[in-house]
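Sequence first, predicted model second:
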Amino acid sequence: MLTGTSIQWSEVKAVIFDVDGTLYAQSKLRSRMLLDLLAYYSLRPWRLQEMRILQRFRSEREKRPGASVPDLQNVQYDWCADNGRFPLAKVREVVDRWMFTHPNQYLASCVYPGTQAFFKALRDNGITIGIYSDYPAHDKLAAMGLQADIIVSSTDPHIDHLKPAPQGLIYLTDTLGVSPAECLFIGDRPELDGVCAERAGMPYLIVDKQPFDKFTFYHQLQQQLQNTLTITAHG
């Protein structure tokens, strides 16, 4: 793993970001979502089983790091359905609502300070921005007001591997026409993002654990990027 000060920015052609916990504060989002879930189900106690579906969906994925199966996008719902214990259509409905749709309205307020400015600095310096997440990320990026050159999910049909399998990062480098050594991967979980990068042969950083109102990780990276490239330009 690199540290911010050990990055050779003049050699970096692409920065690839994880999403959840890397671009926004998951704890802040989860606090807001907990309030919404409690408000919704306190008025509909006969639907409380849906909360178990959400918990099971997450836990079944967490049990399978590096899972490789064809049609992972659909198979992940089968894992949660538990051989019909939970109706498959209900699993899809609940997960899509509470994990992939409803939270998006709060994402903009949970984006880590300095993220947009760091994205702009990368783009201004001709560095490609990629996204690699275990979950679909297009709608999340749009909700956060962030733009990337390429977005890849572990459940895309041409990936079908969960982290820390390196297939997602390898696909990104092949598509961009760069080597893993010319990229930097930024994530928040050493056991998934860090191992994934190591298996792909890609340098990586793990986001600092800082309180939201004192979060300076991306601001510091932006300063290091600007300082390095200014020194390089002036020889």
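Arrived safely, thanks for sending. Numbering: from 1, shown residues only.

hang on, R199 packs against Q167?
No. Judged on CB atoms under 8 Å, R199 makes no contact with Q167 at a distance of 9.4 Å. (C-beta placed from N, C-alpha, C; glycine too.)

And these two? Which one has more around it.
Taking other CB atoms under 10 Å, R199 and Q167 do not tie; Q167 has more neighbours (22 against 17).

distance of the nearest residue to that one once chain neighbours are set aside from Q26?
Once flanking residues are discounted, Q167 sits nearest to H161: 4.2 Å by CB to CB, 6 or more residues apart in numbering. Applying CB to CB, to the nearest Å, the value for H161 to Q26 is 22 Å.

who's more crowded, these two?
H161 (21 against 15).

Can you tell me which helices and strands the lowest-mean-pLDDT helix or strand in the chain packs against?
One helix or strand of the chain scores below all others by mean pLDDT, DSSP states H and E: helix 217-233, with a mean of 84. Using 3 or more CB pairs under 8 Å, 6 or more residues apart in numbering; DSSP states H and E, the elements in contact with helix 217-233 are helix 115-124.

Which positions within the helix it packs on qualify as buried?
Along helix 115-124, these residues count as buried under the neighbour rule (16 or more other CB atoms under 10 Å): 115-116, 118-119, 121-122.

and those as JSON lines, adding pLDDT and distance to L43?
As requested, the buried residues of helix 115-124 are arranged in JSON lines below (pLDDT from 0 to 100; distance: CB to CB, whole Å):
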{"residue": "T115", "pLDDT": "98", "distance to L43": "35"}
{"residue": "Q116", "pLDDT": "97", "distance to L43": "37"}
{"residue": "F118", "pLDDT": "97", "distance to L43": "41"}
{"residue": "F119", "pLDDT": "98", "distance to L43": "40"}
{"residue": "A121", "pLDDT": "96", "distance to L43": "46"}
{"residue": "L122", "pLDDT": "97", "distance to L43": "45"}
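
secondary structure class for L184?
strand (DSSP: H, G, I helix; E, B strand; the rest coil).

Wait, it touches I16, no?
Yes. The pair L184 / I16 is scored as a contact, 7.1 Å apart, by CB under 8 Å.

hmm, back to that, name the nearest of the buried residues of helix 115-124 relative to D188.
T115 (12.8 Å; CB to CB).

number of nearby residues for I150?
15.

Next one: F212 from P113, what distance?
8 Å.

out of those two, which sits in the busier spot?
P113 (16 against 13).

Mind pulling up the pLDDT for the closest residue to that one other than its chain neighbours?
In this structure, P113 finds its nearest non-sequential neighbour in F215, 5.1 Å apart by CB to CB, 6+ apart. We have a pLDDT of 95 for F215.

Wait, F215 touches V111, no?
No. Contact criterion CB under 8 Å: F215 and V111 do not qualify, at 10.1 Å.

Just the helices from this protein, written as ranges.
26-42, 49-62, 72-81, 88-95, 104-110, 115-124, 138-144, 167-176, 195-200, 217-233 (DSSP state H).

For Q8, which of the ones you listed is the nearest?
Nearest of the helices of the chain (CB to CB): helix 217-233, 7.8 Å.
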